[in-house]
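Q: Sequence first, predicted coordinates after that:
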Amino acid sequence: MPARTILQLGNEVLRQKAKPVSKGMRGLRKLADDMFATMDNAEGVGLAAPQIGVPLQVIVVDAEDVRMAVVNPEIVKTSEPMVEDDEGCLSYAGFFGPVSRYQSVVVKGRSLDWKKVRIRANDLLARVFQHEIDHLNGTLFLDHVADPDQLQRAEADDEPDAPTRGA
């Protein structure tokens, strides 16, 4: 499970819409393993396949005691309120800014074994799912920051558990 290089802002793959994964795709588990290794190496809480140059609809998350890969994820339900919190991204390393996201979402997709999954997520986990699914649509967290002047550089001594950890 080697860690892969995380693409950075400016790479065109990050702005492309990822393709759905077909049942029986070869190498899916290896891709997810590499994504977990890459996310863990970068101390992130989520990662989308396009962030490592693979334009497929696969995400991995590790937040609030949930560690999983989801294939072809989509948000099927949201609930108010919208909550603003600082958010960062492994593809724009070292910066964070305020982003409003739904506090709760329901995500459906497939597991690596192609079983249907439906996840109810709140708070940080909901934020991570929204962030990663945005990546699959070519959207970056920067697109949600209303005022670019609100972006801040992360300090080297930021707590690793802070919500500013990249996704």
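A: Here it is on my side, so go on. Numbers count the residues shown, from 1 in each chain.
Q: mind listing the strands for the protein?
A: Assigned by DSSP state E, the chain shows strands spanning 46-48, 58-63, 66-88, 95-110, 116-122, 152-153.
Q: contacting residues around the first one?
A: Read it as strand 46-48. Strand 46-48 is contacted from outside by 6, 18, 35-36, 38-39, 58-63, 90, 128-129, 131-133, 135-136, 167, using CB atoms under 8 Å, 6 or more residues apart in numbering. The way it works is simple: take the backbone N, C-alpha and C, and place the C-beta from them, glycine included.
Q: Mind telling me which of the strands of the chain the model trusts least?
A: If the strands of the chain are sorted by mean pLDDT, strand 152-153 sits at the bottom with a mean of 90.
Q: List the strands paired with that strand, with their directions.
A: Applying DSSP bridges to the sheet, strand 152-153 is found paired with strand 95-110 (antiparallel).
Q: residues of the strand it pairs with that come out buried?
A: Going by neighbour count (16 or more other CB atoms under 10 Å), the buried part of strand 95-110 is 95-99, 101-107, 109-110.
Q: Ok, stretch 140-154 next?
A: Buried residues in stretch 140-154, counting neighbours by 16+ other CB under 10 Å, are found at 140-142, 144-145, 151, 154.
Q: Return the member of those nearest to M68.
A: Set against M68, the nearest of the buried residues of stretch 140-154 by CB to CB is F141 (21.0 Å).
Q: contacting residues around the closest one?
A: By CB under 8 Å, 6+ apart, the residues touching F141 are 87-89, 92, 97, 99, 131, 134, 167.
Q: again, 6 Å this time
A: Counting by CB atoms under 6 Å, 6 or more residues apart in numbering, F141 touches 87, 89, 99.
Q: Just name the closest of these to P2, please.
A: Among the contacts of F141, and counting by CB to CB, the member closest to P2 is C89, at 21.6 Å.
Q: Please give the number of neighbouring residues around that closest one.
A: C89 sits with 29 neighbouring residues when counted by other CB atoms under 10 Å.
Q: for the contacts of F141, which one is nearest E80?
A: Sorting those by how near they are to E80, with CB to CB, puts V99 at the top with 16.1 Å.
Q: Spit out the contact partners of the closest one.
A: 87, 141, 144 are the contacts of V99 under CB under 6 Å, 6+ apart.
Q: likewise R101?
A: 127, 130.
Q: and it, what are its bridge partners?
A: Going by DSSP bridges, R101 is paired in beta bridges with V83.
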